[in-house]
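Novice: Here is my input, please return the structure:
(chains A, B, C and D)
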There are 2 protein chains.
Amino acid sequence: MIQPELPEIPRDAAMTTQEYAYLRLRNAVMLGALRPGTALTFRGLAGQLGLSPTPIREAVRRLSSESAIEVLGNRRLRIPEMTPGRFEELVRLRIALEIHAAARAFPWLSDVAIAGLAGIDDQMDAALAARDLDGLTRLNQQFHKRLYGLNPDQAVIPLIESVWLQLGPFQRRAIEHLDAGAPDDRHKEMLAAMRARDLDALCAALGRDVQDGSIRAGQRLLQGGAGE
Amino acid sequence: MIQPELPEIPRDAAMTTQEYAYLRLRNAVMLGALRPGTALTFRGLAGQLGLSPTPIREAVRRLSSESAIEVLGNRRLRIPEMTPGRFEELVRLRIALEIHAAARAFPWLSDVAIAGLAGIDDQMDAALAARDLDGLTRLNQQFHKRLYGLNPDQAVIPLIESVWLQLGPFQRRAIEHLDAGAPDDRHKEMLAAMRARDLDALCAALGRDVQDGSIRAGQRLLQGGAGE
DNA sequence: TTTCTTAATATGTGATCGAAATTCGCGCTT
DNA sequence: AAGCGCGAATTTCGATCACATATTAAGAAA
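Specialist: As a prediction, the model looks like this:
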(Lines give C-alpha, C1' and ligand atoms only; values in the text may rest on other atoms or scores of the structure.)
Protein backbone atom coordinates (compact mmCIF):
# COMPACT_ATOMS: atom_id res chain seq x y z
CA MET A 1 0.00 0.00 0.00
CA ILE A 2 1.40 3.35 -1.00
CA GLN A 3 0.78 5.92 1.68
CA PRO A 4 0.41 9.56 0.70
CA GLU A 5 3.26 11.85 1.54
CA LEU A 6 3.05 13.61 4.87
CA PRO A 7 4.52 17.11 4.83
CA GLU A 8 7.45 17.37 7.16
CA ILE A 9 7.37 19.70 10.12
CA PRO A 10 10.19 20.84 12.39
CA ARG A 11 10.68 18.68 15.45
CA ASP A 12 11.59 20.36 18.66
CA ALA A 13 14.03 18.42 20.80
CA ALA A 14 11.75 18.68 23.83
CA MET A 15 8.87 17.00 22.07
CA THR A 16 7.63 13.49 22.65
CA THR A 17 7.41 11.16 19.69
CA GLN A 18 3.67 10.90 20.17
CA GLU A 19 3.29 14.66 20.03
CA TYR A 20 5.43 14.89 16.92
CA ALA A 21 3.35 12.27 15.18
CA TYR A 22 0.16 14.02 16.30
CA LEU A 23 1.28 17.40 15.00
CA ARG A 24 2.51 16.00 11.74
CA LEU A 25 -0.66 14.06 11.02
CA ARG A 26 -2.81 16.97 12.14
CA ASN A 27 -0.88 19.30 9.87
CA ALA A 28 -1.31 16.92 6.96
CA VAL A 29 -5.07 16.71 7.47
CA MET A 30 -5.44 20.44 8.04
CA LEU A 31 -3.56 21.27 4.85
CA GLY A 32 -5.44 18.73 2.82
CA ALA A 33 -2.49 16.50 2.04
CA LEU A 34 -4.68 13.48 2.76
CA ARG A 35 -7.71 13.23 0.52
CA PRO A 36 -11.09 12.16 1.89
CA GLY A 37 -11.45 8.41 1.84
CA THR A 38 -7.71 7.81 2.07
CA ALA A 39 -7.03 4.54 3.86
CA LEU A 40 -4.27 4.38 6.44
CA THR A 41 -2.76 1.78 8.74
CA PHE A 42 -0.92 2.18 12.01
CA ARG A 43 2.07 0.23 10.80
CA GLY A 44 2.15 2.02 7.49
CA LEU A 45 2.24 5.38 9.21
CA ALA A 46 4.81 4.13 11.66
CA GLY A 47 7.04 2.94 8.86
CA GLN A 48 6.63 6.13 6.91
CA LEU A 49 7.50 8.30 9.89
CA GLY A 50 10.21 5.98 11.09
CA LEU A 51 8.59 5.39 14.48
CA SER A 52 7.15 2.47 16.36
CA PRO A 53 3.41 1.86 16.22
CA THR A 54 2.77 2.85 19.83
CA PRO A 55 3.05 6.64 19.56
CA ILE A 56 1.30 6.51 16.20
CA ARG A 57 -1.68 4.83 17.79
CA GLU A 58 -1.90 7.50 20.45
CA ALA A 59 -1.69 10.26 17.86
CA VAL A 60 -4.32 8.70 15.60
CA ARG A 61 -6.66 8.09 18.52
CA ARG A 62 -6.41 11.73 19.50
CA LEU A 63 -7.24 12.77 15.96
CA SER A 64 -10.15 10.36 15.89
CA SER A 65 -11.56 12.12 18.95
CA GLU A 66 -11.31 15.37 17.00
CA SER A 67 -13.21 13.82 14.06
CA ALA A 68 -10.19 14.22 11.82
CA ILE A 69 -9.61 10.51 11.23
CA GLU A 70 -12.09 7.66 11.39
CA VAL A 71 -11.15 4.47 13.20
CA LEU A 72 -13.41 1.90 11.66
CA GLY A 73 -14.45 -1.05 13.78
CA ASN A 74 -12.65 -3.42 11.49
CA ARG A 75 -8.98 -2.97 10.81
CA ARG A 76 -8.93 0.28 8.94
CA LEU A 77 -8.30 3.96 9.40
CA ARG A 78 -9.41 6.52 6.90
CA ILE A 79 -9.91 10.18 6.29
CA PRO A 80 -13.68 10.74 6.50
CA GLU A 81 -15.58 10.93 3.25
CA MET A 82 -17.29 14.17 2.41
CA THR A 83 -20.84 14.53 1.20
CA PRO A 84 -22.69 17.67 0.14
CA GLY A 85 -24.90 17.43 3.21
CA ARG A 86 -22.02 17.05 5.61
CA PHE A 87 -20.14 19.82 3.88
CA GLU A 88 -22.96 22.30 4.28
CA GLU A 89 -23.41 21.23 7.86
CA LEU A 90 -19.75 21.87 8.62
CA VAL A 91 -19.74 25.26 6.93
CA ARG A 92 -22.84 26.36 8.84
CA LEU A 93 -21.31 25.08 12.03
CA ARG A 94 -18.09 26.91 11.34
CA ILE A 95 -19.94 30.18 10.79
CA ALA A 96 -21.97 29.79 13.98
CA LEU A 97 -18.88 28.95 16.02
CA GLU A 98 -16.69 31.70 14.65
CA ILE A 99 -19.35 34.38 14.98
CA HIS A 100 -19.85 33.31 18.55
CA ALA A 101 -16.11 33.36 19.16
CA ALA A 102 -15.73 36.80 17.61
CA ALA A 103 -18.57 38.20 19.68
CA ARG A 104 -17.09 36.79 22.87
CA ALA A 105 -13.67 38.21 22.01
CA PHE A 106 -14.99 41.59 20.95
CA PRO A 107 -14.81 43.30 24.38
CA TRP A 108 -11.08 42.55 24.50
CA LEU A 109 -10.30 44.31 21.23
CA SER A 110 -7.56 46.91 21.57
CA ASP A 111 -5.55 49.02 19.19
CA VAL A 112 -2.47 46.88 19.67
CA ALA A 113 -4.51 43.73 19.08
CA ILE A 114 -5.90 45.16 15.87
CA ALA A 115 -2.41 46.18 14.79
CA GLY A 116 -1.20 42.63 15.36
CA LEU A 117 -4.02 41.25 13.24
CA ALA A 118 -3.26 43.78 10.52
CA GLY A 119 0.33 42.55 10.58
CA ILE A 120 -0.80 38.99 9.95
CA ASP A 121 -3.00 40.23 7.13
CA ASP A 122 0.00 41.94 5.55
CA GLN A 123 1.92 38.68 5.72
CA MET A 124 -1.00 37.00 3.99
CA ASP A 125 -0.79 39.49 1.16
CA ALA A 126 2.88 38.66 0.79
CA ALA A 127 2.20 34.92 0.90
CA LEU A 128 -0.49 35.29 -1.73
CA ALA A 129 1.86 37.22 -3.99
CA ALA A 130 4.48 34.51 -3.54
CA ARG A 131 1.92 31.75 -4.19
CA ASP A 132 2.85 30.19 -0.85
CA LEU A 133 -0.40 28.33 -0.29
CA ASP A 134 0.66 26.44 2.80
CA GLY A 135 1.82 29.66 4.38
CA LEU A 136 -1.42 31.32 3.36
CA THR A 137 -3.47 28.62 5.03
CA ARG A 138 -1.38 28.81 8.16
CA LEU A 139 -1.61 32.60 8.33
CA ASN A 140 -5.34 32.58 7.73
CA GLN A 141 -5.85 30.26 10.67
CA GLN A 142 -3.47 32.33 12.74
CA PHE A 143 -5.51 35.45 11.96
CA HIS A 144 -8.73 33.88 13.16
CA LYS A 145 -7.20 32.22 16.20
CA ARG A 146 -5.46 35.38 17.29
CA LEU A 147 -8.77 37.24 17.21
CA TYR A 148 -10.74 34.64 19.16
CA GLY A 149 -7.89 34.12 21.61
CA LEU A 150 -8.14 37.70 22.81
CA ASN A 151 -10.76 36.37 25.19
CA PRO A 152 -8.59 34.90 27.95
CA ASP A 153 -11.29 32.41 28.99
CA GLN A 154 -12.11 31.23 25.51
CA ALA A 155 -13.01 27.57 25.24
CA VAL A 156 -14.17 27.61 21.66
CA ILE A 157 -10.91 27.45 19.73
CA PRO A 158 -10.43 23.69 20.09
CA LEU A 159 -13.93 23.17 18.72
CA ILE A 160 -13.28 25.48 15.79
CA GLU A 161 -10.08 23.62 15.04
CA SER A 162 -11.99 20.36 14.97
CA VAL A 163 -14.23 21.82 12.28
CA TRP A 164 -11.22 23.12 10.40
CA LEU A 165 -9.74 19.64 10.46
CA GLN A 166 -12.89 18.21 8.96
CA LEU A 167 -13.01 20.89 6.29
CA GLY A 168 -9.25 20.80 5.75
CA PRO A 169 -9.03 19.30 2.27
CA PHE A 170 -11.72 21.58 0.90
CA GLN A 171 -10.57 24.70 2.63
CA ARG A 172 -7.26 24.17 0.95
CA ARG A 173 -8.77 23.78 -2.48
CA ALA A 174 -10.72 26.99 -1.97
CA ILE A 175 -7.52 28.86 -1.19
CA GLU A 176 -5.87 27.43 -4.27
CA HIS A 177 -8.45 29.20 -6.39
CA LEU A 178 -8.66 32.26 -4.20
CA ASP A 179 -6.76 34.52 -6.56
CA ALA A 180 -8.77 33.48 -9.61
CA GLY A 181 -11.91 35.42 -8.78
CA ALA A 182 -10.15 38.33 -7.08
CA PRO A 183 -12.77 38.47 -4.35
CA ASP A 184 -12.97 41.35 -1.95
CA ASP A 185 -10.54 40.93 0.90
CA ARG A 186 -12.77 39.98 3.80
CA HIS A 187 -9.98 40.32 6.32
CA LYS A 188 -9.61 43.96 5.42
CA GLU A 189 -13.34 44.38 5.94
CA MET A 190 -13.02 42.69 9.30
CA LEU A 191 -10.16 44.96 10.30
CA ALA A 192 -12.17 48.02 9.32
CA ALA A 193 -15.09 46.80 11.42
CA MET A 194 -12.76 46.22 14.35
CA ARG A 195 -11.30 49.70 14.09
CA ALA A 196 -14.84 51.08 14.08
CA ARG A 197 -15.66 48.81 17.03
CA ASP A 198 -18.67 47.63 15.06
CA LEU A 199 -19.55 44.11 16.15
CA ASP A 200 -22.35 43.60 13.67
CA ALA A 201 -20.15 44.60 10.76
CA LEU A 202 -17.40 42.33 12.07
CA CYS A 203 -19.71 39.34 12.24
CA ALA A 204 -21.08 40.08 8.79
CA ALA A 205 -17.60 40.29 7.28
CA LEU A 206 -16.56 37.15 9.12
CA GLY A 207 -19.56 35.30 7.77
CA ARG A 208 -18.68 36.41 4.25
CA ASP A 209 -15.05 35.37 4.82
CA VAL A 210 -16.05 31.84 5.72
CA GLN A 211 -18.57 31.71 2.90
CA ASP A 212 -15.98 32.85 0.36
CA GLY A 213 -13.59 30.22 1.59
CA SER A 214 -16.19 27.50 1.15
CA ILE A 215 -18.24 28.44 -1.87
CA ARG A 216 -15.82 27.30 -4.51
CA ALA A 217 -14.91 24.14 -2.68
CA GLY A 218 -18.59 23.40 -2.21
CA GLN A 219 -19.34 23.93 -5.87
CA ARG A 220 -16.49 21.62 -6.77
CA LEU A 221 -17.83 19.03 -4.37
CA LEU A 222 -21.35 19.23 -5.79
CA GLN A 223 -20.14 19.05 -9.35
CA GLY A 224 -17.11 16.89 -9.60
CA GLY A 225 -17.17 14.26 -6.87
CA ALA A 226 -15.29 14.21 -3.60
CA GLY A 227 -12.32 16.44 -4.08
CA GLU A 228 -11.26 16.08 -7.66
CA MET B 1 -1.84 8.42 46.17
CA ILE B 2 -5.48 7.53 46.60
CA GLN B 3 -7.34 7.70 43.30
CA PRO B 4 -11.02 8.59 43.32
CA GLU B 5 -13.44 5.83 42.58
CA LEU B 6 -14.42 5.41 38.96
CA PRO B 7 -18.02 4.26 38.50
CA GLU B 8 -18.16 0.90 36.82
CA ILE B 9 -19.78 0.48 33.44
CA PRO B 10 -20.76 -2.69 31.58
CA ARG B 11 -18.06 -4.03 29.31
CA ASP B 12 -19.13 -5.52 26.04
CA ALA B 13 -17.11 -8.52 24.97
CA ALA B 14 -16.41 -7.02 21.55
CA MET B 15 -14.75 -3.95 23.04
CA THR B 16 -11.07 -3.16 23.07
CA THR B 17 -9.42 -2.44 26.39
CA GLN B 18 -8.59 1.04 25.24
CA GLU B 19 -12.22 1.73 24.40
CA TYR B 20 -13.38 0.40 27.73
CA ALA B 21 -10.95 2.63 29.58
CA TYR B 22 -12.01 5.59 27.45
CA LEU B 23 -15.70 5.07 28.10
CA ARG B 24 -15.19 4.52 31.78
CA LEU B 25 -13.07 7.61 32.27
CA ARG B 26 -15.38 9.65 30.08
CA ASN B 27 -18.37 8.52 32.07
CA ALA B 28 -16.63 9.42 35.30
CA VAL B 29 -15.83 12.92 34.07
CA MET B 30 -19.27 13.44 32.57
CA LEU B 31 -21.01 12.44 35.80
CA GLY B 32 -18.73 14.55 37.94
CA ALA B 33 -17.11 11.67 39.81
CA LEU B 34 -13.75 13.38 39.38
CA ARG B 35 -13.58 16.81 40.94
CA PRO B 36 -11.82 19.68 39.17
CA GLY B 37 -8.15 19.76 40.05
CA THR B 38 -8.01 16.03 40.75
CA ALA B 39 -4.54 14.67 39.97
CA LEU B 40 -4.22 11.40 38.12
CA THR B 41 -1.41 9.18 36.89
CA PHE B 42 -1.32 6.69 34.06
CA ARG B 43 -0.01 3.95 36.26
CA GLY B 44 -2.46 4.72 39.02
CA LEU B 45 -5.39 4.51 36.64
CA ALA B 46 -3.99 1.35 35.12
CA GLY B 47 -3.73 -0.25 38.52
CA GLN B 48 -7.20 0.84 39.55
CA LEU B 49 -8.77 -0.51 36.37
CA GLY B 50 -6.59 -3.60 36.35
CA LEU B 51 -5.08 -2.82 32.96
CA SER B 52 -1.67 -2.07 31.58
CA PRO B 53 -0.66 1.55 31.03
CA THR B 54 -0.76 1.37 27.24
CA PRO B 55 -4.54 1.44 26.68
CA ILE B 56 -4.89 3.93 29.54
CA ARG B 57 -2.56 6.30 27.78
CA GLU B 58 -4.56 6.08 24.59
CA ALA B 59 -7.81 6.72 26.45
CA VAL B 60 -6.43 9.67 28.41
CA ARG B 61 -4.91 11.20 25.30
CA ARG B 62 -8.26 11.01 23.57
CA LEU B 63 -9.91 12.74 26.49
CA SER B 64 -7.21 15.38 26.52
CA SER B 65 -8.08 16.16 22.91
CA GLU B 66 -11.66 16.65 24.06
CA SER B 67 -10.54 19.05 26.80
CA ALA B 68 -11.80 16.67 29.46
CA ILE B 69 -8.41 15.94 31.02
CA GLU B 70 -5.28 18.08 31.03
CA VAL B 71 -1.93 16.49 30.26
CA LEU B 72 0.53 18.86 31.86
CA GLY B 73 3.99 19.10 30.37
CA ASN B 74 5.58 17.85 33.54
CA ARG B 75 4.56 14.52 34.85
CA ARG B 76 0.96 15.13 35.81
CA LEU B 77 -2.57 14.64 34.62
CA ARG B 78 -5.48 16.46 36.13
CA ILE B 79 -9.10 17.35 35.73
CA PRO B 80 -9.11 21.00 34.60
CA GLU B 81 -9.76 23.63 37.23
CA MET B 82 -12.86 25.74 36.87
CA THR B 83 -13.00 29.51 37.17
CA PRO B 84 -16.02 31.80 37.03
CA GLY B 85 -14.83 33.20 33.71
CA ARG B 86 -14.33 29.82 32.13
CA PHE B 87 -17.63 28.62 33.49
CA GLU B 88 -19.57 31.47 31.93
CA GLU B 89 -17.69 30.95 28.68
CA LEU B 90 -18.64 27.28 28.60
CA VAL B 91 -22.30 27.95 29.39
CA ARG B 92 -22.55 30.58 26.66
CA LEU B 93 -20.83 28.22 24.26
CA ARG B 94 -23.18 25.43 25.17
CA ILE B 95 -26.21 27.61 24.52
CA ALA B 96 -24.87 28.78 21.17
CA LEU B 97 -24.03 25.24 20.09
CA GLU B 98 -27.28 23.67 21.19
CA ILE B 99 -29.46 26.36 19.67
CA HIS B 100 -27.58 25.91 16.42
CA ALA B 101 -28.00 22.16 16.65
CA ALA B 102 -31.71 22.43 17.37
CA ALA B 103 -32.25 24.81 14.47
CA ARG B 104 -30.40 22.50 12.09
CA ALA B 105 -32.41 19.50 13.30
CA PHE B 106 -35.75 21.30 13.20
CA PRO B 107 -36.65 20.45 9.59
CA TRP B 108 -36.41 16.76 10.44
CA LEU B 109 -38.92 16.92 13.27
CA SER B 110 -41.71 14.38 12.90
CA ASP B 111 -44.53 13.18 15.08
CA VAL B 112 -42.78 9.91 15.80
CA ALA B 113 -39.59 11.77 16.68
CA ILE B 114 -41.49 14.00 19.08
CA ALA B 115 -43.17 10.97 20.60
CA GLY B 116 -39.76 9.38 21.16
CA LEU B 117 -38.51 12.50 22.91
CA ALA B 118 -41.63 12.61 25.03
CA GLY B 119 -40.90 9.02 26.02
CA ILE B 120 -37.46 10.00 27.26
CA ASP B 121 -38.98 12.88 29.16
CA ASP B 122 -41.37 10.49 30.89
CA GLN B 123 -38.44 8.33 31.90
CA MET B 124 -36.81 11.43 33.33
CA ASP B 125 -39.86 12.10 35.46
CA ALA B 126 -39.61 8.57 36.78
CA ALA B 127 -35.89 8.89 37.44
CA LEU B 128 -36.45 12.16 39.26
CA ALA B 129 -39.13 10.58 41.42
CA ALA B 130 -36.76 7.72 42.21
CA ARG B 131 -33.89 10.12 42.94
CA ASP B 132 -31.77 8.31 40.36
CA LEU B 133 -29.42 11.18 39.60
CA ASP B 134 -27.04 9.25 37.35
CA GLY B 135 -29.97 8.02 35.34
CA LEU B 136 -31.38 11.53 35.21
CA THR B 137 -28.12 12.89 33.83
CA ARG B 138 -27.92 10.15 31.27
CA LEU B 139 -31.52 10.64 30.15
CA ASN B 140 -31.14 14.39 29.95
CA GLN B 141 -28.18 14.00 27.61
CA GLN B 142 -30.06 11.38 25.65
CA PHE B 143 -32.98 13.78 25.21
CA HIS B 144 -30.77 16.49 23.78
CA LYS B 145 -28.71 14.16 21.61
CA ARG B 146 -31.76 12.46 20.18
CA LEU B 147 -33.14 15.83 19.13
CA TYR B 148 -29.94 17.06 17.49
CA GLY B 149 -29.29 13.70 15.90
CA LEU B 150 -32.47 13.92 13.85
CA ASN B 151 -30.33 15.78 11.36
CA PRO B 152 -28.60 12.91 9.56
CA ASP B 153 -25.60 15.05 8.59
CA GLN B 154 -25.10 16.61 11.99
CA ALA B 155 -21.50 17.24 12.95
CA VAL B 156 -22.15 19.23 16.08
CA ILE B 157 -22.83 16.53 18.65
CA PRO B 158 -19.18 15.68 19.30
CA LEU B 159 -18.52 19.34 19.98
CA ILE B 160 -21.47 19.60 22.34
CA GLU B 161 -20.24 16.54 24.18
CA SER B 162 -16.85 18.13 24.62
CA VAL B 163 -18.55 21.07 26.34
CA TRP B 164 -20.61 18.69 28.45
CA LEU B 165 -17.44 16.98 29.55
CA GLN B 166 -15.95 20.26 30.63
CA LEU B 167 -19.11 21.23 32.49
CA GLY B 168 -19.62 17.71 33.82
CA PRO B 169 -18.99 18.18 37.52
CA PHE B 170 -21.15 21.28 37.67
CA GLN B 171 -23.92 20.01 35.49
CA ARG B 172 -24.26 17.17 37.93
CA ARG B 173 -24.41 19.44 40.95
CA ALA B 174 -27.15 21.44 39.27
CA ILE B 175 -29.20 18.31 38.78
CA GLU B 176 -28.72 17.34 42.39
CA HIS B 177 -30.54 20.51 43.39
CA LEU B 178 -33.00 20.41 40.54
CA ASP B 179 -35.96 19.37 42.63
CA ALA B 180 -35.35 21.94 45.35
CA GLY B 181 -36.59 24.93 43.40
CA ALA B 182 -39.28 23.06 41.50
CA PRO B 183 -38.49 24.97 38.32
CA ASP B 184 -40.74 24.78 35.34
CA ASP B 185 -40.04 21.72 33.25
CA ARG B 186 -38.18 23.11 30.29
CA HIS B 187 -38.32 19.84 28.42
CA LYS B 188 -42.11 20.00 28.47
CA GLU B 189 -41.89 23.52 27.08
CA MET B 190 -39.56 22.28 24.38
CA LEU B 191 -41.93 19.45 23.50
CA ALA B 192 -44.83 21.86 23.26
CA ALA B 193 -42.83 24.10 20.94
CA MET B 194 -41.93 21.10 18.79
CA ARG B 195 -45.55 20.02 18.52
CA ALA B 196 -46.43 23.56 17.43
CA ARG B 197 -43.48 23.46 15.01
CA ASP B 198 -42.37 26.76 16.53
CA LEU B 199 -38.60 27.07 16.15
CA ASP B 200 -38.26 30.33 18.03
CA ALA B 201 -40.13 28.96 21.02
CA LEU B 202 -38.04 25.81 20.91
CA CYS B 203 -34.80 27.77 20.99
CA ALA B 204 -36.09 29.98 23.78
CA ALA B 205 -37.06 27.00 25.89
CA LEU B 206 -33.77 25.29 25.12
CA GLY B 207 -31.86 28.37 26.22
CA ARG B 208 -33.81 28.44 29.47
CA ASP B 209 -33.18 24.72 29.96
CA VAL B 210 -29.43 25.17 29.73
CA GLN B 211 -29.58 28.27 31.88
CA ASP B 212 -31.56 26.48 34.57
CA GLY B 213 -29.06 23.66 34.54
CA SER B 214 -26.18 26.05 35.05
CA ILE B 215 -27.47 28.82 37.25
CA ARG B 216 -27.28 27.01 40.53
CA ALA B 217 -23.96 25.43 39.75
CA GLY B 218 -22.62 28.82 38.73
CA GLN B 219 -23.82 30.42 41.91
CA ARG B 220 -22.17 27.68 43.91
CA LEU B 221 -18.96 28.20 41.97
CA LEU B 222 -18.97 31.93 42.55
CA GLN B 223 -19.70 31.54 46.22
CA GLY B 224 -18.05 28.47 47.52
CA GLY B 225 -14.88 27.77 45.57
CA ALA B 226 -14.30 25.22 42.87
CA GLY B 227 -16.78 22.48 43.42
CA GLU B 228 -17.51 22.40 47.12
C1' DT C 1 12.83 24.91 63.30
C1' DT C 2 13.76 25.83 58.54
C1' DT C 3 16.19 25.08 54.28
C1' DC C 4 19.21 22.96 51.09
C1' DT C 5 21.20 18.78 49.31
C1' DT C 6 20.97 14.09 47.96
C1' DA C 7 19.36 9.54 47.45
C1' DA C 8 15.27 6.70 46.61
C1' DT C 9 11.05 6.13 44.59
C1' DA C 10 7.76 6.63 41.12
C1' DT C 11 6.36 7.99 36.52
C1' DG C 12 6.11 8.88 31.43
C1' DT C 13 7.76 7.24 27.14
C1' DG C 14 8.51 4.32 23.40
C1' DA C 15 10.27 -0.07 21.44
C1' DT C 16 9.35 -4.93 21.17
C1' DC C 17 6.92 -9.22 21.30
C1' DG C 18 3.21 -12.72 21.26
C1' DA C 19 -1.60 -13.64 20.46
C1' DA C 20 -5.87 -12.93 18.22
C1' DA C 21 -8.26 -11.26 14.40
C1' DT C 22 -8.78 -9.74 9.70
C1' DT C 23 -7.70 -9.11 4.98
C1' DC C 24 -5.99 -10.52 0.61
C1' DG C 25 -4.66 -13.69 -2.96
C1' DC C 26 -4.97 -18.04 -5.05
C1' DG C 27 -7.16 -22.04 -6.70
C1' DC C 28 -11.41 -24.53 -7.11
C1' DT C 29 -16.20 -25.18 -8.17
C1' DT C 30 -20.33 -23.97 -10.75
C1' DA D 1 -16.36 -16.12 -16.62
C1' DA D 2 -18.01 -15.42 -11.94
C1' DG D 3 -18.48 -16.68 -7.19
C1' DC D 4 -16.73 -19.14 -3.19
C1' DG D 5 -13.64 -20.89 0.30
C1' DC D 6 -9.25 -21.81 2.30
C1' DG D 7 -4.57 -20.55 3.79
C1' DA D 8 -0.74 -17.25 4.25
C1' DA D 9 0.55 -12.79 5.35
C1' DT D 10 -0.42 -8.65 7.49
C1' DT D 11 -2.36 -5.97 11.06
C1' DT D 12 -4.17 -4.51 15.53
C1' DC D 13 -3.95 -4.89 20.34
C1' DG D 14 -2.19 -4.95 24.81
C1' DA D 15 1.44 -6.42 28.06
C1' DT D 16 6.10 -5.93 29.34
C1' DC D 17 10.53 -3.89 29.72
C1' DA D 18 14.36 -0.60 29.81
C1' DC D 19 15.61 4.03 30.16
C1' DA D 20 15.45 8.82 31.22
C1' DT D 21 13.51 12.12 34.14
C1' DA D 22 10.66 14.26 37.49
C1' DT D 23 9.02 13.96 42.19
C1' DT D 24 9.34 12.89 46.92
C1' DA D 25 11.42 11.90 51.17
C1' DA D 26 15.10 11.88 54.25
C1' DG D 27 18.94 13.76 56.33
C1' DA D 28 22.36 17.29 57.08
C1' DA D 29 23.52 22.02 57.68
C1' DA D 30 22.31 26.64 59.15
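
Novice: if I look at the residue of chain A most remote from its centre, how far off is DNA strand D?
Specialist: What lies farthest from the middle of chain A is A:N74; by C-alpha atoms, centre = their mean that is 28.4 Å. A:N74 is 9 Å from DNA strand D, where distance means C-beta to the nearest atom of the strand, to the nearest Å. C-betas here are computed from N, CA, C, even on glycine.

Novice: how about that residue, secondary structure?
Specialist: coil (DSSP: H, G, I helix; E, B strand; the rest coil).

Novice: low-confidence ranges in chain A?
Specialist: Applying pLDDT under 70 to chain A picks out residues A:1-4, A:174, A:177-184, A:215-228.

Novice: Domain map for it?
Specialist: Listed by automatic domain parsing, the domain ranges of chain A are A:17-78, A:84-224.

Novice: Dump these into TSV; add distance to DNA strand C as well.
Specialist: Listed next are the domains of chain A as TSV, based on distance: least, C-beta to the nearest atom of the strand, whole Å:
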stretch	distance to DNA strand C
domain A:17-78	3
domain A:84-224	19
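
Novice: I'd like these as TSV, with distance to chain B appended.
Specialist: Formatted as TSV, the domains of chain A follow (distance: least, C-beta to the nearest C-beta, whole Å):
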stretch	distance to chain B
domain A:17-78	4
domain A:84-224	4
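
Novice: Export these as a markdown table, with columns for distance to B:T16.
Specialist: Below are the domains of chain A laid out as a markdown table (distance: least, C-beta to C-beta, whole Å):
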| stretch | distance to B:T16 |
| --- | --- |
| domain A:17-78 | 10 |
| domain A:84-224 | 23 |
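
Novice: To B:R61, which of these lies closest?
Specialist: domain A:17-78 (5.0 Å; C-beta to C-beta).

Novice: so who does the closest residue to A:G135 other than its chain neighbours touch?
Specialist: Nearest non-adjacent residue to A:G135, counting by C-beta to C-beta, 6 or more residues apart in numbering or on different chains: A:A127, 4.2 Å away. Contact analysis of A:A127 by C-beta atoms under 8 Å, 6 or more residues apart in numbering or on different chains lists A:L133, A:G135, A:L136, A:L139.

Novice: 10 Å - rerun?
Specialist: Contact analysis of A:A127 by C-beta atoms under 10 Å, 6 or more residues apart in numbering or on different chains lists A:L133, A:D134, A:G135, A:L136, A:T137, A:R138, A:L139, A:N140.

Novice: Export those residues to a markdown table and append columns for neighbour count.
Specialist: Listed next are those as a markdown table, based on neighbours: other C-beta atoms under 10 Å in any protein chain shown:
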| residue | neighbour count |
| --- | --- |
| A:L133 | 17 |
| A:D134 | 16 |
| A:G135 | 15 |
| A:L136 | 22 |
| A:T137 | 22 |
| A:R138 | 17 |
| A:L139 | 21 |
| A:N140 | 21 |
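
Novice: now, which of these lie within helices?
Specialist: Counting by DSSP state H, the contacts of A:A127 place A:L133, A:D134, A:G135, A:L136, A:T137, A:R138, A:L139, A:N140 in helices.

Novice: can I get those in CSV with distance to A:K188?
Specialist: Converted to CSV, the ones in helices among the contacts of A:A127 look like this (distance: C-beta to C-beta, whole Å):
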residue, distance to A:K188
A:L133, 20
A:D134, 22
A:G135, 19
A:L136, 15
A:T137, 18
A:R138, 19
A:L139, 14
A:N140, 13
